[in-house]
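**Student:** I need the structure of the sequence given here:
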Amino acid sequence: MTQLEGCVVPGQEKKVCKLLKSLYALKQRPKQWHEKLDNVLLCEGFSTNDADKCGYSRSENGECVIVCLYVDDMLIFCTCDNIVFKTKLFLGSKFEMKDMGGITLIYKS
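**Tutor:** From the prediction side, this is the model:
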């Protein structure tokens, strides 16, 4: 890293700020977000999909829940509404999130 042009302090050209967390517009932000979510889900007993690292699954009492990520959106699939509710409740306790409701598919030909 280097200081921005026009903001260089004479005698301190080698000093830069160290960020404690990534900022929204930085290139590293998606990677940081995925690492954080990955750690939370893995600690909660989810496992990653070998074919796609953005897919997570967990079995509970014979029921399976699947969480699929796309950037900062996610889909939660399950055979039991109660498990979906518990998963949303858990994720809501860890992250600021908004429930956008069910999926609507629009087919265009």
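**Student:** remind me which residues of the chain are low pLDDT?
**Tutor:** 1, 19-27, 109 (pLDDT under 70).
**Student:** Heading C-terminal from the strand ranked longest in it, find the next helix or strand.
**Tutor:** The residue-count maximum for a strand in the chain (DSSP state E) belongs to strand 63-70. Along the chain past strand 63-70, the next helix or strand (assigned with DSSP states H and E) turns out to be strand 73-78.
**Student:** Any buried residues in the helix or strand S57 falls within, and which?
**Tutor:** S57 is part of strand 55-60, with elements assigned from DSSP H and E. For strand 55-60, a neighbour-count test (16 or more other Cβ atoms under 10 Å) marks G55, Y56, S57, R58 as buried. All C-beta atoms are positioned from the backbone trio N, CA, C, and that covers glycine.
**Student:** Could you please name the strands it pairs with and the direction of each pair?
**Tutor:** strand 47-48 (antiparallel), strand 63-70 (antiparallel) (DSSP bridges).
**Student:** quick one: buried residues of the last one?
**Tutor:** Of the residues in strand 63-70, those with enough neighbours to count as buried (16+ other Cβ under 10 Å) are V65, I66, V67, L69.
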